[in-house]
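Visitor: Please find the sequence and the predicted model below.
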Amino acid sequence: MSKPTTSTRQPDVADEQGGGEEHPDVFRQVAAWIVSLAAQSWLISMAFHMLLMIVMALILGTIHAATTSNVREIEVVEEFEADLPEVTHFEVGHTPLDPTELSTETLTLMQAPSVEAQFNDDSPVFEEAGGGVAGAESSFGGLGGFSVDAIGTGPVVTGPGGVDGGGGFGKNAGTGGAGSGFGSRGTGMREAMLGSGGTKQSERAVAAALNWIARHQNKNGSWSLNHAPNCKSGLCSCPGDADSDPAATALALLPFLAAGQTHQSKGPYQKNIGAGLNWLINNQRKDGDLSAGGGHQMYAHGLAAIALCEAYGMTQDSRVGYAAQAALNFIQAGQNRQGGWRYQFKSIDSDTSVFGWQVMALKSGQMARLSVTPDSFEGCRLYLRQCSSGRYGNEFSYAPGGGPTNTMTSVGLLTSQYLGARRDDPVIVGGIEYLMGNKPTMDARNVYFWYYATQVMHNVPGKQWDEWNRQMRRLLIETQDKNGCAAGSWNPLQPQPDPWGRQGGRLMVTSLSALTLEVYYRYLPLYQLDKKQTEEDLNKVK
């Protein structure tokens, strides 16, 4: 008797009928088994290849984060209306003139505490505190450090310090006792007796501003410069004339991020932030454009790109990172031969105002370890040289060949710092002198100028920063609205009109004012580094 072969050939008709074989039943059983085996092998092969294709799709469709920790994606908003929480009205109450604690806990202190007493260390004599940057052992975030590997936002996310010299966002607000108010000066922990028990003072002005912004969010998750339709307890005056929901949404999101709040942190505004990010991402075009077809394309896009880069840097959310990288690619593709940008993508001319937002987006992306080409930054340096003037090249114009202005000088100085200018560079030394000759006063109100200039000054700790900071902080705190639906915001036309007030309205002025007050929590001073550090090392941090 010949043995059956284990081939996959199906038996022919003669075999099935038993022709020429001694045991047809046995062969029929073997043939059936062979057919069954072949079918199972085919199914296994198909399943394996389907699984392989799914894995490859997931790998190719995801931005690799710089950390191996689990990444949670934002849920896509499919409905027109976002699931936004009801935001409780915030009482501003007493606001300390010096920065205190800004955390998830203090942001939820809706009732204004009454301050009964104030102490500085154990000294029997109280001395008014200084301008207040973090002490030497503070764990504030550093320029160059949001730590992209594991950002430390206190109880929100734990992690080591920032990139290289940056300190990461730490859970403590640093110390700020009596003294010069900068660097390692703060050694006294200021304590206030609030109500019946001793507790830390909250950052009332910033907390109230975030509350106002959250209360004026659109139902679809975006914000508008015309905030009036979202007023719930009386009408807030001064809506903005400009129509750009992407710019408004970015301006609204940035103060939350500066306070360490994200769509992944268990804070009071988690859903508000998540809905805002979702709206930006869902309205992004395939080429990366975030302007949603509105006017002033690159203004809106630059602001929105900064928000996405900061959100990705703080969370490593791959969906946010993918959108942020696409936004950075759009900025780099739109840079013109002058090295700058203007209102529209690939404009042949440039202006310093639009330029500033694009540079900040590129640097935020670089700090978040997204891809930015060195050629883009070299083009930015080229543009700044075309706009600079003055004895040391420390004054900047709105466009190449124009005359310098306060606002554009502040933009030019901050971007110069970001692009590698050292503390002892004549541009920076002369720039600090220029700004100190234009210290903030309500008679010369200009929140756009203050926003940039405060960052420039904060990057250079010292007596001049302390003087600037005291004056800036007092002015903003004293002019913040304290009552009604407007509580926590700033009126763009009162007590003096802001030059950008009618266009950007209450939302823009409130956002930039809050960000100016949050400068202590966002970055360590840029030049609080070893003075002997080489230019190459410094560029790695910035």
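Guide: It's in.
Visitor: What are the boundaries of the helices in the stretch 201-350 of the chain?
Guide: For the stretch 201-350 of the chain, the helices defined by DSSP state H, counting those that start in this stretch cover 204-215, 245-258, 270-282, 297-315, 318-334.
Visitor: and Trp490, which of those is closest to it?
Guide: Of all the helices of the stretch 201-350 of the chain, it is helix 204-215 that lies closest to Trp490, at 8.1 Å by Cβ to Cβ. For glycine as for every other residue, the C-beta is placed from the backbone atoms N, C-alpha and C.
Visitor: picking that back up, mind giving me CSV with the helices of the stretch 201-350 of the chain and columns for distance to Met408, mean pLDDT and mean neighbour count?
Guide: Listed next are these as CSV, based on distance: least, Cβ to Cβ, whole Å; pLDDT from 0 to 100; neighbours: other Cβ atoms under 10 Å:
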stretch, distance to Met408, mean pLDDT, mean neighbour count
helix 204-215, 26, 92, 26
helix 245-258, 19, 96, 27
helix 270-282, 27, 97, 23
helix 297-315, 15, 96, 28
helix 318-334, 20, 98, 23
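Visitor: my guess is Gln417 contacts Asn459, does it?
Guide: Yes. Between Gln417 and Asn459 there is a contact at 5.6 Å, judged by Cβ atoms under 8 Å.
Visitor: Please, which helix or strand holds Leu435?
Guide: helix 426-436 (DSSP states H and E).
Visitor: buried set for the helix or strand just after that helix?
Guide: The helix or strand immediately downstream of helix 426-436 is helix 447-458, counting by DSSP H and E. Within helix 447-458, the residues that count as buried by 16 or more other Cβ atoms under 10 Å are 447-458.
Visitor: same question, stretch 383-399
Guide: Applying 16+ other Cβ under 10 Å to stretch 383-399 flags 383-384, 386-389, 392-399 as buried.
Visitor: which of the residues you listed lies closest to Asn226?
Guide: Tyr398 (26.5 Å).
Visitor: what residues are up against that closest one?
Guide: Taking Cβ atoms under 8 Å, 6 or more residues apart in numbering as the criterion, Tyr398 is in contact with 351-353, 387, 405, 408.
Visitor: Show me the shaky parts of this protein.
Guide: For the chain, the stretches with pLDDT under 70 are 1-202, 523-542.
Visitor: Taking helix 447-458 as reference, get the angle to the helix holding Leu435.
Guide: Orientation of helix 426-436 against helix 447-458 (axes from the mean of the first three to the mean of the last three Cα atoms, to 10 degrees) gives an angle of 130 degrees.
Visitor: helices or strands up against helix 426-436?
Guide: For helix 426-436, the packing partners by 3 or more Cβ pairs under 8 Å, 6 or more residues apart in numbering; DSSP states H and E come out as helix 406-418, helix 447-458, helix 463-479.
Visitor: Next, format those helices as CSV and append distance to Ala248.
Guide: Shown next, in CSV, are the helices and strands packed on helix 426-436 (distance: least, Cβ to Cβ, whole Å):
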stretch, distance to Ala248
helix 406-418, 20
helix 447-458, 15
helix 463-479, 21
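Visitor: Out of those, flag the one nearest Thr516.
Guide: It is, among the helices and strands packed on helix 426-436 and with distance given as Cβ to Cβ, helix 447-458, at 5.0 Å.
Visitor: Would you mind writing the CA trace of that closest one as PDB?
Guide: Extracted in PDB, the C-alpha atoms of helix 447-458 (Å, rounded to 0.1, in the frame of the first residue of the first chain):
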ATOM      1  CA  VAL A 447      -0.200  96.200  26.600                       C
ATOM      2  CA  TYR A 448       1.400  94.900  23.500                       C
ATOM      3  CA  PHE A 449       4.600  96.700  24.300                       C
ATOM      4  CA  TRP A 450       4.400  95.800  27.900                       C
ATOM      5  CA  TYR A 451       4.000  92.100  27.100                       C
ATOM      6  CA  TYR A 452       7.200  91.900  25.100                       C
ATOM      7  CA  ALA A 453       9.200  94.400  27.100                       C
ATOM      8  CA  THR A 454       8.500  92.600  30.400                       C
ATOM      9  CA  GLN A 455       9.900  89.400  29.000                       C
ATOM     10  CA  VAL A 456      13.000  91.200  27.800                       C
ATOM     11  CA  MET A 457      13.500  92.700  31.200                       C
ATOM     12  CA  HIS A 458      12.800  89.500  33.100                       C
END
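Visitor: Break down the stretch 151-300 of the chain into its strands, ranges please.
Guide: For the stretch 151-300 of the chain, applying DSSP state E, counting those that start in this stretch gives strands covering 190-194, 197-199.
Visitor: right, and Ser389 touches Pro404 too?
Guide: Yes. The pair Ser389 / Pro404 is scored as a contact, 5.5 Å apart, by Cβ under 8 Å.
Visitor: Mutual contacts of those two, please.
Guide: By Cβ under 8 Å, 6+ apart, Ser389 and Pro404 have these common neighbours: 395-397.
Visitor: Tell me how far Leu493 lies from His216.
Guide: According to Cβ to Cβ, to the nearest Å, Leu493 and His216 sit 17 Å apart.
Visitor: ok, those two, which is more surrounded?
Guide: Per other Cβ atoms under 10 Å, whichever of Leu493 and His216 has more neighbours is His216, with 25 against 15.
Visitor: wait, doesn't the more buried one sit right on His227?
Guide: Yes. Contact criterion Cβ under 8 Å: His216 and His227 qualify, at 4.4 Å.
Visitor: tell me, what's touching the two both at once?
Guide: Common neighbours of His216 and His227 (Cβ under 8 Å, 6+ apart) are 236, 507.
Visitor: now the helices of the stretch 201-350 of the chain in CSV, with distance to Gly221?
Guide: Listed next are the helices of the stretch 201-350 of the chain as CSV, based on distance: least, Cβ to Cβ, whole Å:
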stretch, distance to Gly221
helix 204-215, 12
helix 245-258, 8
helix 270-282, 3
helix 297-315, 13
helix 318-334, 14
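Visitor: and of those, who's closest to Arg474?
Guide: Of all these, helix 204-215 comes closest under Cβ to Cβ, at 10.9 Å.
Visitor: Please name every helix or strand in contact with that closest one.
Guide: Identification of packing neighbours for helix 204-215 by 3+ Cβ pairs under 8 Å, 6+ apart yields helix 104-107, helix 245-258, helix 501-517.
Visitor: of the contacts of Tyr398, closest to Arg506?
Guide: Ser353 (20.5 Å).
Visitor: Distance check, the closest one against Trp500.
Guide: 10 Å.
Visitor: for Asn282, same thing?
Guide: 28 Å.
Visitor: Mind checking what secondary structure Ser489 has?
Guide: coil (DSSP: H, G, I helix; E, B strand; the rest coil).
Visitor: what's the distance between Arg369 and Gly321?
Guide: According to Cβ to Cβ, Arg369 and Gly321 sit 9 Å apart.
Visitor: Please identify the buried residues of the helix holding Leu435?
Guide: 427-432, 434-435.
Visitor: isn't Ser291 right next to Ala300, touching?
Guide: Yes. At 4.2 Å, Ser291 and Ala300 qualify as touching, with contact defined as Cβ under 8 Å.
Visitor: List the residues that are in contact with both of these two.
Guide: Contacts common to Ser291 and Ala300, judged by Cβ under 8 Å, 6+ apart, are 244, 246.
Visitor: if I pick Phe506, what's in contact with it?
Guide: One correction, residue 506 is Arg, not Phe. Going by Cβ under 8 Å, 6+ apart, Arg506 touches 227, 236-240, 486, 489-492.
Visitor: Check these and tell me the two furthest apart.
Guide: Maximum distance among the contacts of Arg506 (Cβ to Cβ): 14.5 Å, for Gly240 and Ala486.
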